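Asker: structure for this input, please:
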Amino acid sequence: MNVKVKGYVLGAIAAASYGMNPLFALPLYKAGMNPDSVLFYRYLLAIPILGIMLKARGRSFRTNRKEVPMLVIMGLLMALSSLMLFESYNYMDAGIASTLLFVYPIMVTFIMAIGFKEKLAWTTWLCLVMALTGIGLLYKAADGATLSLVGTLFVFVSSLSYAIYIVGVNHSVLKDVATLKVTFYVLLFGLSIFLVRLCLSGEWQTPSADQWYLWFNLLALAVFPTAISFLCTTSAIQYIGSTPTAILGALEPVTAVFFGVMVFNETLTPRETCGLVLIIVAVTLVIAGGNITVHLVRFRKLFPRLPIKKRNK
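Answerer: Predicted structure coming up:
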């Protein structure tokens, strides 16, 4: 297998593994667990995995005082994004929710245009129209039924939170910090949010003794959308670069839709399929045609190459 093919395969695995959130989360919901409990265990199990990955690269956990407040803010944003997405699964099909979430690159583009005066090309405006058209097709089906307004708002809050997170990480004191370290502390501070929410609500839920196998779902949420996705993304960028890897991110909602239809018996009408395709194409064109990749992908620093020590002869 040549280098480019290997890079594309790894990029596809990275995107597909991230799209597995519904595959492992929905059975936990069916068993009676609430989003706060699911996310608490997802973050809790992912943190040591990321810690091991960090130490395996010989990196330090040390941070300076200037970085801590921003890490807390980023943790809040990431926790909010995760919570809103997982809440939306209670109101709409997971595949549609994951596709609506995928508009975050367009949100990043407009945040950069408004906040940092980046110019928008005419193609960006065209892609925005395409994305809005796709959302319109998803929102109202041919039979007149509409998506849940609450669920749709949850997804857009999730997408906006993640877009602000991406911009914040790239335009703050964290921009020169390795992404893996940032992610480790973001999950750590995000975990505290779910811990507080669960303590206040008193609705802490864990798999029952006769459903012990659901712990594998919780572990899978930590492993596939987190560890494997990060590792494969890093390797893919080294082989094929940032832009092709980011474009392959379109497989995330495709994976979610696939599992939704094949595993959870979700249905897609031709109208909804057209909406999904329009959104994915629009976002892919935005990524391919501008500087958005710089803000979406920082994984070159995820596992920085360490100098090789020469042995004394």
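Asker: wait, doesn't Val261 sit right on Leu268?
Answerer: Yes. Applying CB atoms under 8 Å, one finds Val261 in contact with Leu268, separated by 6.3 Å. Where you see a C-beta, it was placed from the backbone N, CA and C, and this is true even at glycine.
Asker: the stretch 51-200 of the chain: helices as residue ranges?
Answerer: 67-88, 94-101, 104-116, 122-139, 149-170, 179-201 (DSSP state H, counting those that start in this stretch).
Asker: common neighbours of Val261 and Leu268, please.
Answerer: Gly95 (CB atoms under 8 Å, 6 or more residues apart in numbering).
Asker: spit out the contact partners of Ala131.
Answerer: 103, 106, 278-279, 282-283.
Asker: and it, how far from Ala222?
Answerer: 31 Å (CB to CB, to the nearest Å).
Asker: and for Val186, the neighbour number?
Answerer: By other CB atoms under 10 Å, 26 other residues sit near Val186.
Asker: that one contacts Leu71, doesn't it?
Answerer: Yes. Assessed by CB under 8 Å, Val186 is found in contact with Leu71 at 6.5 Å.
Asker: farthest pair in the contacts of Ala131?
Answerer: Ile106 and Leu278 (12.3 Å; CB to CB).
Asker: now do the residue nearest to Ser88 when sequence neighbours are not counted, the pLDDT please.
Answerer: The shortest distance from Ser88 to any residue other than its chain neighbours is 4.0 Å, reached at Phe154 (CB to CB, 6 or more residues apart in numbering). pLDDT, Phe154: 96.
Asker: check contacts around Ser81.
Answerer: 157-159, 161-162, 165.
Asker: any of those buried? List them.
Answerer: 157-159, 161-162, 165 (16 or more other CB atoms under 10 Å).
Asker: could you dump the residues you listed to CSV with distance to Pro253 and pLDDT?
Answerer: Shown next, in CSV, are the buried ones among the contacts of Ser81 (distance: CB to CB, whole Å; pLDDT from 0 to 100):
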residue, distance to Pro253, pLDDT
Val157, 18, 96
Ser158, 13, 93
Ser159, 12, 91
Ser161, 18, 93
Tyr162, 14, 87
Tyr165, 19, 87
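Asker: save these as JSON lines, and put in distance to Leu54 too.
Answerer: Formatted as JSON lines, the buried ones among the contacts of Ser81 follow (distance: CB to CB, whole Å):
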{"residue": "Val157", "distance to Leu54": "30"}
{"residue": "Ser158", "distance to Leu54": "26"}
{"residue": "Ser159", "distance to Leu54": "28"}
{"residue": "Ser161", "distance to Leu54": "24"}
{"residue": "Tyr162", "distance to Leu54": "22"}
{"residue": "Tyr165", "distance to Leu54": "20"}
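Asker: what number of residues lie near Asn217?
Answerer: Using other CB under 10 Å, Asn217 has 21 neighbouring residues.
Asker: would you confirm that it contacts Pro27?
Answerer: Yes. With contact defined as CB under 8 Å, Asn217 counts as touching Pro27 (5.7 Å).
Asker: which residues of the stretch 151-300 of the chain score low on pLDDT?
Answerer: Applying pLDDT under 70 to the stretch 151-300 of the chain flags the ranges 234, 237-238, 241-243, 245-246, 289-300.
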